[in-house]
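J.: next input, structure requested:
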Amino acid sequence: MYAKIETEHLIFIRLNQTKLHSEEYINLQDAVVNDGNITNVGRLTILPSSYTGSPRHMHEYAQDAIAYVHHYGHPELFITFTCNPTWDDIQQLLLPGQSPVDRHDITARVFRQKLKSLMDFMVKHEVFGSVRCWMYSVEGQKRGLPHAHILIWLYNKITANKIDDVICAEIPDADIDKDLLEVVMKNMIHGPCGTLNPNSPCMIDGQCSKRYPRALVSNTVTGNDGYPLYRRRSAEDGGKLATIQMRNGDIEVDNRWVVPYSPLLSKTYKVHINVEYCNSVKSIKYICKYVNKTSDMAVFGVQPERSDRNAVIHIDEIAQYQAGRYISSNEAVWRILSFPIHERSPAVVHLAVHIENGQRIYFTAANVQQIALTPLATMLTAFFMLCQNDPFAKTLLYSEVPTYYTWNASRKSFE
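T.: Have a look, this model is predicted:
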């Protein structure tokens, strides 16, 4: 059903581009002045960034993450929040004989409510401290449950000696917190894999792709390029052991198999919530991979040689997008219900950057002559006009202007 909806949207975009051309202003000006022929200028079928899930849309969010890093530094926390089909909220709504697999609509609605609750919990109730900014993206994967990857920037940075107060990678003591132990054993134990379970989904070429089991360390160690080495004490050093049930029988596990978690969040939501501390800007590469990840595909095509000056190479971005599109049931329901796949705060203003007369403009056969003579203003050209008329604007860099001025899209000016 969602494939039909998406196809209708893409057909609308395609049909409304047949008369609309896009080209850099200077190239259009040359074509009009020299021979007046615009038939070979700007023939593109563009999938705009306003279309949710398009490569341009994904790329913009990756750029927004980099903008946050440029302005605020690296984030403090990277949180992966996964849907739990055994939540009471889901189970109570199922009809007799149904399982969560039969009702993706319930799964999507409940996960959306839980995700909003989690963001309010962290942002409004400041469980980790006052939040400076945040962003998240929701993924459906190809066959898995929906899950969100969340970035959190805090006003008060988490120092190395405070990591253990926020993040834990150890099995809880049953005598101190039995409820937390139950949640961790059910949701936060990886695998086991390796020799204990060679057929585990994480196994690739005989190795665990998630790098488990981890090394046992007596104290948290920071300073590497990725995530810290969290405290994982051995049984001799005071670490706890626990037994999990598997098909082959009971297996005893130690702290090497624990996925890092926040005790507060795990007890509150009773689900798999992986909480990681970011101590390097390099970790943004890993995070942006998720924000910018698209379907696995390889596309090749045959085009005429450029020696033929009259040959028009028609780039069809809509066809390229559909060629490798994969829609899982969970993602389809999520999109049908119009739930967002990305959210962030505060907003990021996208500023136009181009060389002189190099701005991209849109035109039709009817208005091409007028636009070739007088192109519309862009944010960059409006910034130059602002500096001519406003003494205060002269003291600002281009990237600082949106902090003090708003962009009027109809007048094409900063106010």
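
J.: and the longest helix that the chain contains, what's buried?
T.: Longest among the helix segments of the chain by residue count, using DSSP state H, is helix 104-123. When burial is assessed from 16 or more other C-beta atoms under 10 Å, helix 104-123 yields the following buried residues: 104, 106-112, 114-115, 118-119, 121-123. Bear in mind the C-beta positions are built from the backbone N, C-alpha and C, glycine included.

J.: tell me the first helix or strand C-terminal of it.
T.: Counting by DSSP states H and E, the element after helix 104-123 in chain order, helix or strand, is strand 131-139.

J.: buried set for the strand or helix carrying residue 243?
T.: Under DSSP H and E, the secondary-structure element containing residue 243 is strand 242-246. With burial defined by 16+ other C-beta under 10 Å, the residues of strand 242-246 counted as buried are residue 242.

J.: likewise stretch 367-387?
T.: By neighbour count on 16+ other C-beta under 10 Å, the buried set for stretch 367-387 is 368, 371-372, 375, 377-383, 386-387.

J.: quick check: phi and psi at residue 348.
T.: The main-chain torsion angles of residue 348 are listed as degrees, to the nearest 10 and equal phi -110, psi 120.

J.: contact partners for it?
T.: Applying C-beta atoms under 8 Å, 6 or more residues apart in numbering, one finds that residue 348 lies in contact with 64, 67-68.

J.: for residue 118, see how far away residue 134 is.
T.: The span separating residue 134 from residue 118 equals 11 Å under the rule C-beta to C-beta, to the nearest Å.

J.: joint contacts of those two?
T.: Common neighbours of residue 134 and residue 118 (criterion: C-beta under 8 Å, 6+ apart): residue 150.

J.: quick one: residue 397 from residue 46, how far?
T.: Where residue 46 is concerned, residue 397 sits at a distance of 30 Å (C-beta to C-beta).

J.: oh sorry, the question was meant for residue 208
T.: Applying C-beta to C-beta, one obtains 42 Å for the distance of residue 208 from residue 46.

J.: can you check residue 415 too?
T.: Distance of residue 415 to residue 46, computed by C-beta to C-beta: 29 Å.

J.: helix/strand/coil for residue 52?
T.: Look at residue 52: counting by DSSP: H, G, I helix; E, B strand; the rest coil, its state is coil.

J.: so it touches residue 341, yeah?
T.: Yes: the pair residue 52 / residue 341 is scored as a contact, 6.4 Å apart, by C-beta atoms under 8 Å.

J.: so those two - more neighbours on which side?
T.: residue 341 (19 against 14; other C-beta atoms under 10 Å).

J.: report the separation between that one and residue 156.
T.: As it turns out, when the distance is counted by C-beta to C-beta, residue 341 lies 30 Å from residue 156.

J.: which residues of the stretch 101-250 of the chain fall in helices?
T.: If you assign secondary structure with DSSP state H, counting those that start in this stretch, the helices in the stretch 101-250 of the chain sit at 104-123, 163-166, 178-187.

J.: quick one: low-confidence residue ranges for this structure.
T.: Along the chain, segments meeting pLDDT under 70 span 18-44, 141-143, 223-226, 280-299, 303-314.

J.: got the angle for the longest helix of the chain vs strand 131-139?
T.: Orientation of helix 104-123 against strand 131-139 (axes from the mean of the first three to the mean of the last three C-alpha atoms, to 10 degrees) gives an angle of 160 degrees.

J.: next one: helix 104-123 to chain centre, how far?
T.: Here the centre of helix 104-123 is set off from its chain's centre by 16 Å, with C-alpha atoms, centre = their mean, to the nearest Å.

J.: touching it from outside, list them.
T.: Residues outside helix 104-123 that contact it (C-beta under 8 Å, 6+ apart) are 81, 83, 85, 87, 89-90, 93-94, 100, 127-128, 131, 134, 136, 138, 145-146, 148, 150, 152, 265, 268-269, 271, 329-330, 332-334, 337, 339, 343, 345.

J.: of those, buried ones?
T.: Applying 16+ other C-beta under 10 Å to the contacts of helix 104-123, the neighbour count classes 81, 83, 85, 87, 90, 100, 128, 131, 134, 136, 138, 145-146, 148, 150, 152, 265, 269, 271, 330, 332-334, 339, 343 as buried.

J.: so which of these sit within strands?
T.: When the buried ones among the contacts of helix 104-123 are checked against strands using DSSP state E, the ones located there are 81, 131, 134, 136, 138, 148, 150, 152, 343.

J.: any idea which of the residues you listed is closest to residue 234?
T.: Using C-beta to C-beta, the shortest approach to residue 234 within those belongs to residue 81, at 30.0 Å.

J.: please name the nearest non-neighbouring residue to the closest one.
T.: In space, residue 81 comes closest to residue 148 once its chain neighbours are excluded; the distance is 4.6 Å by C-beta to C-beta, 6 or more residues apart in numbering.

J.: who's in contact with the one you found?
T.: Applying C-beta under 8 Å, 6+ apart, we find residue 148 in contact with 79-81, 115, 136-139.

J.: do that again at 7 Å, thanks
T.: If a contact means C-beta atoms under 7 Å, 6 or more residues apart in numbering, then residue 148 has 81, 115, 136-138 as its contacts.

J.: quick one: residue 210 and residue 202 touch, right?
T.: Yes: distance between residue 210 and residue 202: 5.2 Å, which falls inside the contact criterion (C-beta atoms under 7 Å).

J.: contacting residues for residue 354?
T.: By C-beta under 7 Å, 6+ apart, the contact set of residue 354 is 378, 380.

J.: alright, I will stop here.
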